[in-house]
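Engineer: Fold the following.
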Amino acid sequence: MATVNCSSIEKKLPLCEAGIFQCSETGLAFEVESTASIVYRYATWSTHLKEADQNVWVPAGPLFYIWALPGTVRAVYLPHFICLSDADISGCSIAHFEFQKMTIQQPTEVMPFSAVLKNPSFSLLGVVWRKLRSAISLPVHSLVLIFQQLSAANTTLHLYLIPDDISVKQAIERQETSWNSKLIPKPPPFSPLFFGNRYQVSSNAQVKITPEPHLPFCYKSPKKQQLFVEIYIRKMTEEIEFVIRDGQNDTVVWRASLRSGDISPLRNVSKTPSGAAFMKKHKTELCSRMGQLSSILLNLRVDDVINSEEEEEVQAQKTKQKKNQFLLDLAEKKGPKAQEKLFQVLQMKDPFLVEDLENS
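Structural biologist: Down below sits the predicted model:
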């Protein structure tokens, strides 16, 4: 299986030969027999899965809008986050939304991290799992995300416990970037988690955890605010251990150490200017050096900073430098909030350029 690098929310994937190709960003994969052009992007379950259907089905992976010419894709591999070693795979299905109506399709094969559908017809597709009538919940591969708020007093962390869904992870990263936070990489839980259970966060040090040290584990649409606990550390020691326990049976499901080297010193915060000030100061450099324009424009359109007509106006400029200048002028006309959002997207898409300009 060949891996294809994909850096935008919406991706047009031209494939020039037969084989199986996987998107490095979303985990979505396609099997094609010849040349094919495929367009895909994330969609939201909450918009399409009706309340009556939610009583029967639970999302088990991202929902995608996919477009391809009929007959060009032999199979699609849709990512899911269910731990198959502890799950009954007969509950796995694929939801197909078309004309605001959901139909359920049975996958050709259920693999550890994806469900395969051969000879698919495309529109909106995603993996769902039938809710169990017994008390046993679905075992889920999950992630623990820890962010340090760089502009907060002393050391303030946000800890998230989410299903291993890339669309949810990316939504959290975008939100935390807008809050001037930095991801502190830590390993995932070492055993599956269960929807509906509550998990307790604790530490061997004197820390303050709010609003309470319990996180209910659930699936929330990427468009919604995800649940997290705030951890306040007044005095950072050389190493602090954190533990997460299952509230049902007090079993430890995750353990990690936070070391002083993981934490960014607060003195660096003052070096980060506001978005408007950054854009004004480095406008000349940004005109010549800013890349990944299509991805930046798509993020700005998704966040309603620009509309599709303005995006087309930017792309209509003849050179890269003129496109960048048109976008920077457009953000400047829209005001500080638009410039701040552009700055946040640039931080996410090209952090090395932002750092280099800040240090120049």
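Engineer: Do a quick rundown of the strands in the stretch 51-200 of the chain.
Structural biologist: All strands of the stretch 51-200 of the chain, identified by DSSP state E, counting those that start in this stretch, fall at 57-68, 73-79, 92-98, 101-105, 109-111, 114-118, 124-130, 139-140, 142-149, 155-163, 181-184, 193-194, 198-203.
Engineer: pLDDT-wise, which helix or strand of this protein ranks last?
Structural biologist: None of the helices or strands of the chain scores lower by mean pLDDT, DSSP states H and E than strand 2-4, at a mean of 48.
Engineer: among the strands of the stretch 51-200 of the chain, which is the most enclosed?
Structural biologist: Among the strands of the stretch 51-200 of the chain, strand 193-194 has the highest mean neighbour count (mean count of other C-beta atoms under 10 Å), at a mean of 24. Where you see a C-beta, it was placed from the backbone N, CA and C, and this is true even at glycine.
Engineer: Show me the domain layout of the chain.
Structural biologist: Recorded structural domains for the chain (assignment: automatic domain parsing) are 2-130, 141-269, 273-359.
Engineer: can you redo the strands of the stretch 51-200 of the chain as CSV with mean pLDDT?
Structural biologist: What follows is those, written out as CSV (pLDDT from 0 to 100):
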stretch, mean pLDDT
strand 57-68, 92
strand 73-79, 94
strand 92-98, 94
strand 101-105, 93
strand 109-111, 95
strand 114-118, 95
strand 124-130, 94
strand 139-140, 92
strand 142-149, 94
strand 155-163, 94
strand 181-184, 92
strand 193-194, 93
strand 198-203, 94
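Engineer: Those strands: which one's closest to Lys322?
Structural biologist: strand 57-68 (30.4 Å; C-beta to C-beta).
Engineer: what sits against the residue nearest to Lys131 when sequence neighbours are not counted?
Structural biologist: Among residues not flanking Lys131 along the chain, Val58 sits closest, at 5.7 Å (C-beta to C-beta, 6 or more residues apart in numbering). Residues near Val58 by C-beta atoms under 8 Å, 6 or more residues apart in numbering: 128-129, 131, 138, 195, 219.
Engineer: Relative to Met111, which of those is nearest.
Structural biologist: Distance to Met111 across these (C-beta to C-beta) is lowest for Trp129, with 14.6 Å.
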